[in-house]
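Asks: Have a look; sequence and predicted model below, questions after that.
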Amino acid sequence: MSAFRYKALNTEGRLVKGVLEADSERHLRAQLRAQKLRPVEVRGVEAKMTKESRPRFTFFRTGLSAGELALITRQLATLVASALPLDECLQAAAEQTRKSSIKSMLLEVRSRVSEGYTLANGMAQYPQAFGEMYRAMVHAGEQAGQLAPVLEQLAEYTENRQLTAQKLKLALIYPFVLMGVAVSVVAALMVFVVPELVGIFTHTKKALPPLTVGLIAVSDFLRNSGVYLLVGLLLSVVGLRRLLQEPQRQLKWHQFLLRIPGIGTVLIGIDTARFSSTLSILMASGVPLLDALHIAGSVMSNRELRKAAVRVANNVQEGSSLNKALSQGAFFPPMMVHMVASGEVSGELEIMLERSAVNQERELEMTLGTVMGLFEPLMVILMGGVVLLIVLAILLPIFDLNTMVR
């Protein structure tokens with residue numbers, strides 16, 4: 001059976017939409033008529049998803065959000081643990097969601113499972129929704145007959161990732177709001193207030209101070225060309241995003257980010273913590289070390305760090321221990337290397353990797369807290385300095401007029 005999207009008219013003549021499973025379009029139309037619905041449009045979900053999955057430039061990430069993936073995984077883990085057949089679990093999870101795109105995706109995965117394919121194979125149709133690490137864990141759980149525990153681990157992992165992402169977003173909201181308000185206030189002063197105040201000096205024959213002349217020039221530029229400047233900035237952002245889609249340019253950009261003091265440390269902390277956590281959960285699920293290293297490296301967002309993870313995997317494949325391979329990389333924290341070495345000696349590598357990830361996340365939170373704590377007073381000082389320059393530029397001609405009157 002396959003999933004189909006439909007549009008139909010009910011008994012009141014209203015258009016309704018939805019997703020149903022059927023053997024064919026004819027079968028689906030028969031189902032709709034049995035529900036006293038008159039079919040208007042019917043089309044297969046798989047063809048639509050294939051069309052939508054073509055590469056294109058977008059501002060937003062396609063696929064499932066972290067919250068949606070966590071919820072689906074938790075539902076599947078609970079249903080599978082209750083000993084329900086897998087196709088019924090997927091059907092129940094699809095019925096729980098209100099979003100038609102998620103429902104159609106789950107029904108299509110259920111169709112593949114009903115045809116005899118594994119759950120991991122069914123999810124492989126939607127790589128943007130179910131990542132490589134996710135599918136590898138599901139495959140390992142199916143092979144070992146431990147799908148329910150593996151889904152529980154995946155649910156915990158996705159929920160923790162979502163919680164960490166929310167913390168980072170909340171930590172960045174206030175600084176960005178503060179910066180936006182500061183820029184808006186300065187722009188409003190330059191466009192609306194400054195021209196009115198300095199206009200009284202333009203008719204005088206006395207030369208204005210350089211600071212005032214510069215202020216008037218900036219104010220005139222913003223009034224006359226401010227819209228073009230804003231459009232130019234937006235086009236620059238769009239152009240930069242397009243340029244960074246090319247792998248080599250993206251690699252150079254990521255290398256540049258790692259060299260920026262402060263920012264590079266934060267990016268390394270985020271990705272190495274993600275690497276440790278992913279590697280830990282993959283190994284605990286029974287995924288072989290080499291496969292786990294390749295998958296854990298692919299979840300890192302920085303391309304330069306991904307290259308470092310590939311070198312680690314190659315060194316391990318050549319016979320090196322994991323801790324030695326990590327120590328040869330310049331990005332993996334020394335504490336992580338020591339904990340991995342301890343885990344290899346004690347036979348508790350998964351546990352030590354998990355502890356390393358937790359420690360790095362804590363250090364990252366402390367670093368972000370310090371950075372945000374310094375950012376706020378720096379923004380206040382910067383704003384005060386800008387406002388002081390504006391006030392001085394306005395007051396200096398007034399002082400000169402007072403001198404002339406005396």
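Replies: Ah, there it is.

Asks: what about residue 109, neighbour count?
Replies: Other residues lying near residue 109 total 26 when counted by other CB atoms under 10 Å. Using the backbone N, CA and C atoms, a C-beta is placed for each residue, glycine as well.

Asks: can you list contacts of stretch 357-376?
Replies: Contacts to stretch 357-376, defined as CB atoms under 8 Å, 6 or more residues apart in numbering, come from residues 164, 167-168, 171-172, 174-175, 178, 262, 265-266, 269-270, 272-274, 276-277, 280, 333, 335-336, 339.

Asks: go again using 10 Å as the cut-off
Replies: With CB atoms under 10 Å, 6 or more residues apart in numbering as the test, stretch 357-376 has contacts from 160, 163-164, 167-168, 171-172, 174-175, 178-179, 262-263, 265-266, 268-281, 333, 335-336, 339.

Asks: what's the domain layout of the protein?
Replies: 2-52, 66-161, 174-406 (automatic domain parsing).

Asks: follow-up on the earlier one: narrow the contacts of stretch 357-376 to just the buried residues.
Replies: The neighbour-count test (16 or more other CB atoms under 10 Å) marks 160, 164, 266, 268-281, 333, 336, 339 as buried among those.

Asks: Look up how far residue 103 lies from residue 19.
Replies: 5 Å (CB to CB, to the nearest Å).

Asks: Would you mark the buried spots in the helix or strand that contains residue 252?
Replies: With secondary structure defined by DSSP states H and E, residue 252 is part of helix 247-259. Using 16+ other CB under 10 Å as the test for burial, helix 247-259 gives 251, 253, 254, 258.

Asks: could you point out where the protein is predicted with low confidence?
Replies: 1-3, 21, 23-24, 44-63, 198-206, 400-406 (pLDDT under 70).

Asks: Now do the strands in it.
Replies: 2-9, 15-22, 38-44 (DSSP state E).

Asks: nearest to residue 150, of the ones you listed?
Replies: strand 2-9 (25.2 Å; CB to CB).

Asks: Okay, angle between that closest one and strand 38-44 too, please.
Replies: 150 degrees (axes from the mean of the first three to the mean of the last three CA atoms, to 10 degrees).

Asks: gap between strand 2-9 and the chain center?
Replies: 32 Å (CA atoms, centre = their mean, to the nearest Å).

Asks: Can you show me the CA trace of that strand as CSV?
Replies: Provided in CSV are the C-alpha atoms of strand 2-9 (Å, rounded to 0.1, in the frame of the first residue of the first chain):
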residue,chain,number,x,y,z
SER,A,2,1.1,3.6,-0.6
ALA,A,3,0.2,6.9,0.9
PHE,A,4,-1.9,9.4,-1.2
ARG,A,5,-2.8,13.0,-0.7
TYR,A,6,-6.4,13.9,-1.5
LYS,A,7,-8.8,16.8,-1.9
ALA,A,8,-12.5,16.1,-1.7
LEU,A,9,-15.9,17.7,-1.1
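
Asks: for it, packing partners?
Replies: When contacts are defined as 3 or more CB pairs under 10 Å, 6 or more residues apart in numbering; DSSP states H and E, strand 2-9 sits against strand 15-22, helix 25-34, strand 38-44, helix 45-52, helix 100-114.

Asks: Stretch 6-22: end-to-end distance?
Replies: Using CA to CA, to the nearest Å, the end-to-end distance of stretch 6-22 comes out at 11 Å.

Asks: May I see the buried residues of it?
Replies: Buried-residue list, stretch 6-22, by 16+ other CB under 10 Å: 6, 8, 19, 20, 21, 22.

Asks: Deepest-packed of the domains of the chain, please.
Replies: Of all the domains of the chain, domain 66-161 carries the top mean neighbour count, a mean of 19, counting by mean count of other CB atoms under 10 Å.

Asks: Surely residue 395 is in contact with residue 212?
Replies: Yes - Residue 395 is within contact range of residue 212, at 9.2 Å (criterion: CB atoms under 10 Å).

Asks: Which member of the buried residues of helix 247-259 is positioned nearest residue 399?
Replies: Here the nearest of the buried residues of helix 247-259 to residue 399, counting by CB to CB, is residue 253; it sits at 48.8 Å.

Asks: Name the nearest residue to that closest one, ignoring sequence neighbours.
Replies: Distances taken as CB to CB, 6 or more residues apart in numbering place residue 244 nearest to residue 253, at 5.7 Å, with adjacent residues excluded.

Asks: If we ignore the residues flanking it in sequence, what's nearest residue 343?
Replies: Nearest non-adjacent residue to residue 343, counting by CB to CB, 6+ apart: residue 352, 3.1 Å away.

Asks: I figured that neighbour was touching residue 344, is that so?
Replies: Yes - contact criterion CB under 10 Å: residue 352 and residue 344 qualify, at 8.3 Å.

Asks: overlap in contacts of these two?
Replies: Common neighbours of residue 352 and residue 344 (CB under 10 Å, 6+ apart) are residue 323.

Asks: re earlier: quick one: residues contacting the residue nearest to residue 343.
Replies: By CB under 10 Å, 6+ apart, the contact set of residue 352 is 276, 280, 323, 336, 338-346.
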